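Trainee: Take this sequence and fold it.
(one chain, ligands or ions: 1)
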Amino acid sequence: MSEPDEMLELYQFEGCPYCKKVREKLTELQIDFVARQVRPNGDRARVEEVSGQTGVPVLVDPNTDTTMPESDDIVDYLEEHYG
Ligand SMILES: N[C@@H](CCC(=O)N[C@@H](CS)C(=O)NCC(=O)O)C(=O)O
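Mentor: Residues are numbered from 1 along each chain as shown. All right, here's what the predicted structure looks like:
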């Protein structure tokens, strides 16, 4: 199992079920991450700047220069790289 050198970042918020799925996968794989808190009804300019779209979750993995929305894709990515 490979471990990330640099900290992963997750744009997310607490009440988002798609974000929860990704947080649970990160926890299951024991991966440290920085939670970038997004307000549910707030401005998504930062999310859009980072990922080119406004939905969360968005994962940023500086180890592979990857920025990725879509929870299912993120879960697959985490399994593939760190599972
Ligand atoms: N298909 C997406 C759905 C993500 C989604 O709908 N996220 C909501 C929050 S729970 C959101 O950010 N909606 C606002 C938007 O898409 O701009 C996934 O699985 O990640």
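
Trainee: Please identify the residues of the chain in proximity to the ligand?
Mentor: Cys16, Tyr18, Thr54, Gly55, Val56, Pro57, Glu70, Ser71, Asp72 (C-beta under 6 Å from any ligand atom). The way it works is simple: take the backbone N, C-alpha and C, and place the C-beta from them, glycine included.

Trainee: What's the PyMOL line that selects buried ones from those?
Mentor: Only the buried entries of the residues of the chain next to the ligand go into this PyMOL selection, using 16 or more other C-beta atoms under 10 Å:
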select buried, resi 16+18+55+56+57+70+71
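
Trainee: Max pairwise distance over the residues of the chain next to the ligand: which two?
Mentor: Within the residues of the chain next to the ligand, Thr54 and Asp72 form the most distant pair, 17.9 Å apart (C-beta to C-beta).

Trainee: Any stretches of the protein with poor pLDDT?
Mentor: 1 (pLDDT under 70).

Trainee: So for it, the centremost residue is which one?
Mentor: Most central in the chain under C-alpha atoms, centre = their mean is Leu59, positioned 2.7 Å from the mean C-alpha point.

Trainee: quick one: secondary structure of that residue?
Mentor: strand (DSSP: H, G, I helix; E, B strand; the rest coil).

Trainee: What strand or helix carries Val56?
Mentor: According to DSSP states H and E, Val56 maps onto no helix or strand at all.

Trainee: No more questions from me, cheers.
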